[in-house]
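Peer 1: structure of the sequence below:
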Amino acid sequence: GRKSLRQKMVDELKHYCNGFHLLWIDTKVAARMVWRLLHGQVLTRRERRRLLRTCADLFRLVPFLVFVIVPFMEFLLPVFLKLFPEMLPSTFETESKKEEKQKKKLNAKLELAKFLQETVAEMAKRNKADTG
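Peer 2: Alright, predicted model coming up:
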């Protein structure tokens, strides 16, 4: 059913609290990785990607905090998210947004695979015609 305005506000507040908590955890882990890097250790590919994502999230946090701190500016957040879809830190994304991104990536991969299959089939026809 429909949620009341109070329940929607509570859900959004929980969402932002969870997002900040996850960002704090990612920041602590990234700080440990930077410490390891400074002491000459090598990061794995997964750790390097996580460190880059966390750094990007921290840079995205600055404009996002403007929306949280300035009164009533959070009402403009959906407009800015339409204009700049990657503005939110990754810890603040909802599951539906993550699924939507995965679907877009999968569709792009399927289109690429289809193109490559058609290219290989065309090359095979040309080779067959040249040898025949």
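Peer 1: and the residue nearest the centre of the chain, how far is that from residue 30?
Peer 2: The centroid of the chain falls nearest to residue 90 when counting by Cα atoms, centre = their mean (4.9 Å). Relative to residue 30, residue 90 is positioned 13 Å away (Cβ to Cβ, to the nearest Å). Every residue, glycine included, has its C-beta placed from N, CA and C.
Peer 1: this structure: helices as residue ranges?
Peer 2: 5-38, 45-69, 77-83, 95-131 (DSSP state H).
Peer 1: helices or strands up against the first one?
Peer 2: Pointing back at helix 5-38 there. helix 45-69 (3 or more Cβ pairs under 8 Å, 6 or more residues apart in numbering; DSSP states H and E).
Peer 1: mind listing what's buried in the helix it packs on?
Peer 2: By neighbour count on 16 or more other Cβ atoms under 10 Å, the buried set for helix 45-69 is 47, 50-51, 54, 57, 60-61, 64, 67.
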